[in-house]
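K.L.:
Give me the fold of what follows.
(one chain, ligands or ions: 1)
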Amino acid sequence: MMLESDRNPFLQGNFGPIRSEDEFPELRVEGEIPRELNGTYYRNGPNPAFEPKGRYHWFDGDGMIHAVTLGDGKARYRNRYVMSKGLAVEMAAGRAVYGGILDIGKEMTEAPQFKNTGNTNIVVHAGKLLALMEGALPTQLQVGTLATLGEYDFAGKLQTAMTAHPKMDPETGEMLFFGYAPFPPYLTYHVADQSGRLVRSEVIDIAWPSMIHDFVTTRDHVIFILCPLVFDVQNIPTKGTPFTWEPERGTRIGVMPRNGGNADVKWYDTEASYVFHPMNAYEDRSQLVIEVARFGKMVFMDPAEQQKPQGPEVNPRLHRWTIDLTRGGVKSEPLDDGIAEFPRVADACVGLKHRYGYMAGARAQTSGTPEFSAVYKYDRQTGRREAHDFGSGCGCGEAVFVPKRLTGAEDEGYLMTFVYDAARNRSDLVILDAQHVADAPIARIEIPRRVPYGFHGNWVAAG
Ligand SMILES: [Fe+2]
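P.N.:
Prediction:
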């Protein structure tokens, strides 16, 4: 019998899982780890513990955290599963029990329930280390050991799922986030204050239910990007899937004042797009500037469509939407031809005007597996893009910016990403100088194993 892992590219090469939890106390380093780097880089990603029972999607795998702790110029590594209740059931059974998102239609009747894999992002807020996935509650992990403490519901106050992309307001310390669902309420906005208390939950009316992976916030606004990837459980009986790409709907950008509510949301229409990840947004007088990694067409939720020949619109590129808040209207402009995803800015710039943005760049890409081989740095002042290409046979992921010091220039710091080298079947944590991205890395921290391609990470300074 052919197994899913024999044919699914997301279970092969460096997309494939590793199956052990390890600790490597002192890693070999080529170059030098800057002394001021004192903290931990955490990265989350899907890592199915068992052969899938049905069709596997990259978003399905059990969460696995890879953590590299730096201090005194030394590095240590640890990886742990996010030990969800569902994964514990499967560990006890010795096999996969839960189905994936491509089989949601079937699984509505056959599966015991949904598995909260916690596989997408990992953040710290108010001292809590949270593994996140958008379909469920956060999972709290123990700082240091990465042991799973359990689902975290903000003392019973969080009544919806939580996005994997909360925004940490660098000025107020608040964590702004939302939850969405393929059934009502489709979208709910939440605010946790600086101390981690959930202080606000507000249902937002949207024109159709959609897979809303991320959002963007500014000093004064909250922005929801409603794309025509409809996600509706009511479609399952007729269409066999809750996901449908319906470009005729266009894209609606909902802008809510931070001090307002659902009744104050203004919607602005633009062309059909899918956005997993905005880079950032900010106010510029009466304008709202939103930069995103934009897909012109979303085939990622449809394996049959993915296998057909597709045009360049299925690949993500950096794009800007500028909304005139007084006169209305959206100016829509591509910023670069390069294929790039996983946009980030410095944490200190989230919601504020940024000059620099960072993305994972791909040489060429089709609708198949997303493989990134470069770190791109965009300078919005000069309009230039610089690149650090890791070379053939090497793949990277999202690059996280780590500042050198609190009051430094916006790009004074480092970029970190895991880089997989197929020739060695190993990964390194590579540290680049963010002001000289194209230069040789400052340090290559050798992990004595490969680290599968994953989703998102963050740097958490010690103390
Ligand atoms: Fe994401």
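K.L.:
Quick one: residues contacting Asp337.
P.N.:
Residues near Asp337 by Cβ atoms under 8 Å, 6 or more residues apart in numbering: Arg317. Just so you know, the C-beta spots here come from the backbone N, C-alpha and C atoms, and that holds for glycine as well.
K.L.:
and it, what are its phi and psi?
P.N.:
Dihedral pair for Asp337: phi -80, psi -20, per degrees, to the nearest 10.
K.L.:
Just the pLDDT for it.
P.N.:
Note for Asp337: predicted pLDDT of 94.
K.L.:
quick one: it from Tyr376, how far?
P.N.:
Per Cβ to Cβ, to the nearest Å, Asp337 is found 12 Å from Tyr376.
K.L.:
swap in Pro441?
P.N.:
For Pro441 relative to Tyr376 (Cβ to Cβ), the value is 16 Å.
K.L.:
Same check on Lys266?
P.N.:
According to Cβ to Cβ, Lys266 and Tyr376 sit 32 Å apart.
K.L.:
And these two? Which one has more around it.
P.N.:
Between Lys266 and Tyr376, Tyr376 has the larger neighbour count (other Cβ atoms under 10 Å), namely 25 against 14.
K.L.:
Enumerate every residue touching Pro170.
P.N.:
Contacts of Pro170 (Cβ under 8 Å, 6+ apart): 347-352.
K.L.:
change it to 10 Å
P.N.:
219, 346-352 (Cβ atoms under 10 Å, 6 or more residues apart in numbering).
K.L.:
ditto for Leu198
P.N.:
153-159, 175, 177, 190-192.
K.L.:
Neighbour-wise, give me the winner out of those residues.
P.N.:
Highest neighbour count within those, by other Cβ under 10 Å: Phe177, with 26 neighbours.
K.L.:
Quick check: beta-bridge partners of it?
P.N.:
His190 (DSSP bridges).
K.L.:
what separates it from Asn44, distance-wise?
P.N.:
For Phe177, the distance to Asn44 - Cβ to Cβ - is 16 Å.
K.L.:
repeat for Met211
P.N.:
Met211 is 19 Å from Asn44, by Cβ to Cβ.
K.L.:
Between these two, tell me which one has more neighbours.
P.N.:
Asn44 (28 against 21).
K.L.:
And that one, which helix or strand is it part of?
P.N.:
If you go by DSSP states H and E, Asn44 is part of strand 39-46.
K.L.:
Following that strand in sequence, what is the next regular element?
P.N.:
Using DSSP H and E, the helix or strand that follows strand 39-46 in sequence is strand 63-71.
K.L.:
helix or strand right after that next one?
P.N.:
Heading C-terminal from strand 63-71 (DSSP H and E), you reach strand 74-81.
K.L.:
buried set for the strand holding Asn44?
P.N.:
For strand 39-46, the neighbour count (16 or more other Cβ atoms under 10 Å) marks 39-46 as buried.
K.L.:
Stretch 326-336 too?
P.N.:
By neighbour count on 16+ other Cβ under 10 Å, the buried set for stretch 326-336 is 330, 335.
K.L.:
Ok, stretch 214-233 next?
P.N.:
Neighbour-count burial for stretch 214-233 [16+ other Cβ under 10 Å]: 214-218, 220-232.
K.L.:
before we move on, what about stretch 383-393?
P.N.:
385-386, 388, 390.
K.L.:
So which of those belong to helices?
P.N.:
The helices, defined by DSSP state H, take in nothing from the buried residues of stretch 383-393.
K.L.:
Export the residues you listed to TSV and append columns for distance to Val143 and pLDDT.
P.N.:
Output for the buried residues of stretch 383-393, formatted as TSV (distance: Cβ to Cβ, whole Å; pLDDT from 0 to 100):
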residue	distance to Val143	pLDDT
Arg385	36	97
Glu386	35	98
His388	31	98
Phe390	31	96
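K.L.:
Greatest separation within these: which pair is it?
P.N.:
By the measure Cβ to Cβ, Arg385 and Phe390 form the most distant pair in the buried residues of stretch 383-393, at 16.2 Å.
K.L.:
about what we covered before: please identify the pairing partners of the strand holding Asn44 and their relative orientation?
P.N.:
For strand 39-46, pairing defined by DSSP bridges yields strand 63-71 (antiparallel), strand 457-461 (antiparallel).
K.L.:
Among the contacts of Leu198, name the ones in strands.
P.N.:
In this view, the contacts of Leu198 that belong to strands under DSSP state E are 175, 177, 190-192.
K.L.:
From these, pick the one nearest Gly361.
P.N.:
For the ones in strands among the contacts of Leu198, the nearest to Gly361 is Phe177 (27.9 Å; Cβ to Cβ).
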